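Take this sequence and fold it.
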Amino acid sequence: MCTILVIDDEKGILGVIREALTRSGHDVEIALDGIEGIQKFDDGSYDMVITDLRMPGLDGKGVVDHIRASGKSAVPVIGISGTPWQIQDSGFDEVLAKPFPLQDLVESVNKLTQFPLKTAMSA
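Predicted structure coming up:
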């Protein structure tokens, strides 16, 4: 099981992502904005972070910059965005364009964390 921090200002998206990743065997914590996200990241221990790009306050680019400058800079970060071309080559390990199939997210998480594949639908 991997512990994943998901950061997004849309509660509905957080709920759907949390459900899919939990069904795939992961432990998921959520944050409703970038500030809360980096506070949880700094205080916790995560195998991966998934963050939206566009959020009020600290955006996803600010989140990934913080992670890369931290003592835990090797933690994989997936960026999710309706405007993925804005975050290419920006420190993210992978970028998914919204809307994306949940199975694509689960596969990306499993690949980046080396977690054995378990599909969201089989749980």
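
what about Pro99, distance to Asn110?
20 Å (C-beta to C-beta, to the nearest Å). Placement of C-beta: from N, CA and C, glycine included.

if you count what's nearby, which of those two comes out ahead?
Per other C-beta atoms under 10 Å, whichever of Pro99 and Asn110 has more neighbours is Asn110, with 19 against 9.

The residue sitting nearest the centre point of the chain sits in which helix or strand?
What sits nearest the mean C-alpha location of the chain, by C-alpha atoms, centre = their mean, is Ile50, with 0.7 Å. Here Ile50 sits within strand 48-52, counting by DSSP states H and E.

So which bits of that strand are buried?
48-52 (16 or more other C-beta atoms under 10 Å).

And it, what does it pack against?
strand 3-7, helix 34-43, helix 60-69, strand 77-81, helix 102-113 (3 or more C-beta pairs under 8 Å, 6 or more residues apart in numbering; DSSP states H and E).

With Leu21 as the reference, measure out to the closest residue to Val6 other than its chain neighbours.
Distance criterion C-beta to C-beta, 6 or more residues apart in numbering; nearest residue to Val6, sequence neighbours excluded, is Ile50 at 4.7 Å. Separation of Ile50 from Leu21 (C-beta to C-beta): 8 Å.

and if you look at Glu107?
Applying C-beta to C-beta to Glu107 and Leu21 gives a distance of 12 Å.

again with Leu32
If you go by C-beta to C-beta, the gap between Leu32 and Leu21 works out to 17 Å.
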